[in-house]
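show me how the following folds:
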Amino acid sequence: MEDEPIENIISKFVEDLNDSERRLEGSKNLLKVAQAVGEETAREQLMPYLQEYLDDDEPIVLLVFAKLLPLMIEYIGGYEYSHAILPSLEILAMNENNSVREKSVQSIWIIIGEVSPEDIDVYFVPMLQRLGDSPWIYPKKSVCELIGHVYGKCNEENKVIVLDIFRKLCVDKFPMIRKLCNIACKDIIQHMEKDSIPNEIFPQVLALFQDEQDSVRLWTIENIVAIGTTFNDDIDDEIMNIIIDHSSDESWRVRYNLAQYIDKICEYYGHTESNIDQLLRIYQNVLYDVESVVRKTAAKKLVAMYDYYTHNLYIEKILPIIIILHVDPDPNVRKEISTCVTHIAPFFGADLYNEFLLEVLFHLIEDNNSECRLNTIEHIELVADVIGLDIILERLINTITELSSCPLWRVRLKTLDLIPSLAELLGKKDFSKYLLDNIFQLYEDKVHAVRHETISCLRILSKSYGTRWTKSYLIPQICKQADNNSYLIRMNALFTVSELCSSFTNNELLTVIVPLLMKLSCDPVPNVRLNVCKSLYTIENRLPNKIKEEEIYPCLKQLKEDKDEDVRYYANKR
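The predicted model follows:
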């Protein structure tokens, strides 16, 4: 291609774009064509040609161009000439296909991040004006997604122009545009001087909050948080009024978004007693909300909210709500309460916890929803550190036993995930006495994922409790499982032995592991025998030569002559 005349290269590229069958493949050659014709020709001839074909009705072709155009920078002389590809990206940013438009916007973001502020003023601000003046929704959507990036790099004079574009879009007839303006608002705020916020952008924040569409209003709270990072006394009262109105908005999505950011709001606006009182009432409102998803989101913030109230105020105003919500009809709310009840134990101390929350904890441990019970147990060590293990041990063991027998296999699997932390909490003696049988019950589970997880669990326990405990408690049980009628359980025993090998000394391998492998090498099921081959080769180098000669090699020789083809294959594999 490089040896051809430039006119022929561009002509061939244009022909491909004109041919409906070759158009897609031709579009992918853009970078090769640009490299072949040189930087100046690419800027002055190739890019103008390309613009004529960006009204193509094939989105897949336009998407290729949207992806390749930022890469063209290398072939047109660098970012100082990026204005040469900007008209093409502008056309794509007006496209009605979301994938094409979004990719072009992302490409423009890349360029904005690299070009000089002078180029932003000369090329990008006028582009925003043109897109913003369009009567169609798609160019305006692109403006909303670009406006914060442009505002952050343009000069003061053009900042005024960009804000005028933004204000115009804030009252656009399309709700989607007003929504995107509300989303873009925080991007503008972060580039604003603190003193400019009340006059320059807060009126738009207020207007968007009062929008008739809840899809527009719900984004206002993020802008309130963004303003909070700069904090301005001049609009403090108005902001508090917006937050109060959010808590009683008729749309649950607006209240939900408030609940999501309530801790940030308290961090930025809880600087006076009056604000603290109002924010406390607001938080109580969302905790009592009629929609369970709002209550759940608010309950998720219960631990974080402890930082923003005094200890006595939290006990007086929030604790009663926790006690009420622990019997909420929605299990998702109870699950979040269980997180709170365990995590706030260190803040309460033993006496207060026993007085107010111990019965709540017991109720959650025995909840009829398995996710709630699992979540409570997952962090139970936080409570045990405060009030002691003895007081909760019996209920904890009973719950683990019930979960181990749950009809839902995912619950049984999740229960195994909790075993290592419970082993650390209980210690060798209590764990071996109360919970080890539950693990070996799951060892024979009908579901492979559960059985496989028991192996990982036993490996962790062996590492934690040591070789002596493993030989005393695990190996006898594993040997027992090796005699199980189900070959799946015998396979599990074999896999477990393989996992534990690394923690045994060479002598222990000889006395504990080798006899078990010898026994399973005669198993009637080929899958068991071929896995014995794998295990023997794994430990072979750690065994004395005498044992190799007398036991290992004869066993492998026998397996090499096995009637099953797969067993013979693995027996001969080194």
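
what about K471, how many neighbours?
K471 sits with 16 neighbouring residues when counted by other C-beta atoms under 10 Å. Where C-beta positions appear, they are placed from N, C-alpha and C, glycine not excepted.

for it, list the residues it contacts.
508, 512 (C-beta atoms under 8 Å, 6 or more residues apart in numbering).

switch to 6 Å and redo it
For K471, the contact set (C-beta atoms under 6 Å, 6 or more residues apart in numbering) is empty.

state the distance from it to I419.
Note on K471: its distance to I419, by C-beta to C-beta, to the nearest Å, is 20 Å.

how about Q45?
69 Å.

who has more neighbours, those two?
I419 (24 against 15).

for burial, what's the neighbour tally of the residue lying closest to H343 once chain neighbours are set aside?
Closest residue to H343 apart from its sequence neighbours, by C-beta to C-beta, 6 or more residues apart in numbering: V303 at 4.6 Å. Other residues lying near V303 total 17 when counted by other C-beta under 10 Å.

find me the pLDDT at V303, would you?
V303 is assigned a pLDDT of 94 by the prediction.

which helix or strand contains it?
helix 302-305 (DSSP states H and E).

after that helix, next one along is what?
The helix or strand immediately downstream of helix 302-305 is helix 311-313, counting by DSSP H and E.

that following helix: how far from the chain's middle?
Relative to its chain's centre, helix 311-313 lies at 34 Å (C-alpha atoms, centre = their mean, to the nearest Å).

helix or strand right after that helix?
Using DSSP H and E, the helix or strand that directly follows helix 311-313 along the chain is helix 319-325.

mind listing what's buried along that following helix?
For helix 319-325, a neighbour-count test (16 or more other C-beta atoms under 10 Å) marks 319, 321-323, 325 as buried.

out of those, who's nearest D195?
I321 (39.4 Å; C-beta to C-beta).

which residue sits closest to that closest one, ignoring its sequence neighbours?
Of all residues not flanking I321 in the chain, L287 sits nearest, at 5.0 Å (C-beta to C-beta, 6+ apart).

hang on, that neighbour packs against I322?
No. If you go by C-beta atoms under 6 Å, L287 and I322 don't touch, sitting 8.8 Å apart.

ok, so what distance separates the nearest residue to K446 once chain neighbours are set aside from L403?
The shortest distance from K446 to any non-neighbouring residue, by C-beta to C-beta, 6+ apart, is to W409 (7.8 Å). Distance of W409 to L403, computed by C-beta to C-beta: 12 Å.

who's more crowded, the two?
L403 (20 against 15).

which SS state does the more buried one fall under?
Three-state call for L403 (DSSP: H, G, I helix; E, B strand; the rest coil): helix.

the residue lying closest to it once chain neighbours are set aside: helix or strand, and which one exactly?
Closest residue to L403 apart from its sequence neighbours, by C-beta to C-beta, 6+ apart: T415 at 4.4 Å. Here T415 is covered by helix 409-434, with elements defined by DSSP H and E.

any buried residues in that helix, and which?
411-416, 418-420, 422-423, 425-426, 428, 431-432, 434.

mind checking how far I165 is from V254?
Relative to V254, and taking C-beta to C-beta, I165 is found at 27 Å.

more neighbours, those two?
Higher neighbour count among I165 and V254: V254, with 24 against 21, using other C-beta under 10 Å.

list the residues that contact the more buried one.
Shown in contact with V254 (C-beta under 6 Å, 6+ apart): 214, 217-218, 246.

same thing but at 8 Å, please
Neighbours of V254 in contact, by C-beta under 8 Å, 6+ apart: 214, 217-218, 221, 246.

and N485, which of the three is it?
Classified using three-state DSSP, N485 is coil.

quick one, phi/psi of it?
Backbone torsions of N485, given as degrees, to the nearest 10, read phi -70, psi -30.

secondary structure element holding A449?
A449 belongs to helix 448-465, assigned by DSSP H and E.

I should have written D351 there, sorry.
helix 345-356.

elements contacting that helix?
Contact partners of helix 345-356 among helices and strands, from 3 or more C-beta pairs under 8 Å, 6 or more residues apart in numbering; DSSP states H and E: helix 380-387.

shouldn't the residue nearest to L403 be in contact with S404?
Yes. Taking C-beta atoms under 8 Å as the definition, T415 is a contact partner of S404 at 5.6 Å.

now do the shared contacts for the two.
Common neighbours of T415 and S404 (C-beta under 8 Å, 6+ apart) are L442.

for the helix holding A449, buried residues please.
450-451, 453-455, 457-462, 465.

about what we covered before: which is the next helix or strand following the helix holding T415?
In N-to-C order, the element after helix 409-434 by DSSP H and E is helix 436-443.

alpha carbons of that next one, as CSV, please.
What follows is helix 436-443, C-alpha atoms only, in CSV (Å, rounded to 0.1, in the frame of the first residue of the first chain):
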residue,chain,number,x,y,z
LEU,A,436,-16.4,-31.2,62.9
ASP,A,437,-19.2,-33.7,62.5
ASN,A,438,-21.1,-31.1,60.4
ILE,A,439,-18.2,-30.8,58.0
PHE,A,440,-18.1,-34.5,57.4
GLN,A,441,-21.8,-34.5,57.0
LEU,A,442,-21.3,-32.0,54.1
TYR,A,443,-18.4,-34.2,52.9
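
now that helix: buried residues?
Result for helix 436-443 [16+ other C-beta under 10 Å]: buried residues 436, 438-440, 442-443.

T399: which of the residues you listed is nearest?
Within the buried residues of helix 436-443, proximity to T399 (C-beta to C-beta) peaks at N438, which comes in at 11.0 Å.

about what we covered before: which single one of the buried residues of helix 448-465 is nearest to N312?
Ranked by distance to N312 (C-beta to C-beta), the buried residues of helix 448-465 are led by I460 at 42.5 Å.

give me the pLDDT for the residue lying closest to that closest one once chain neighbours are set aside.
What sits nearest to I460 in space, not counting adjacent residues and going by C-beta to C-beta, 6+ apart, is P420, at 4.7 Å. P420 carries a pLDDT value of 92.

let me see the contact set for P420.
P420 sits in contact with 457, 460-461, 464, where contact means C-beta under 8 Å, 6+ apart.

kind regards, and thank you for your time.
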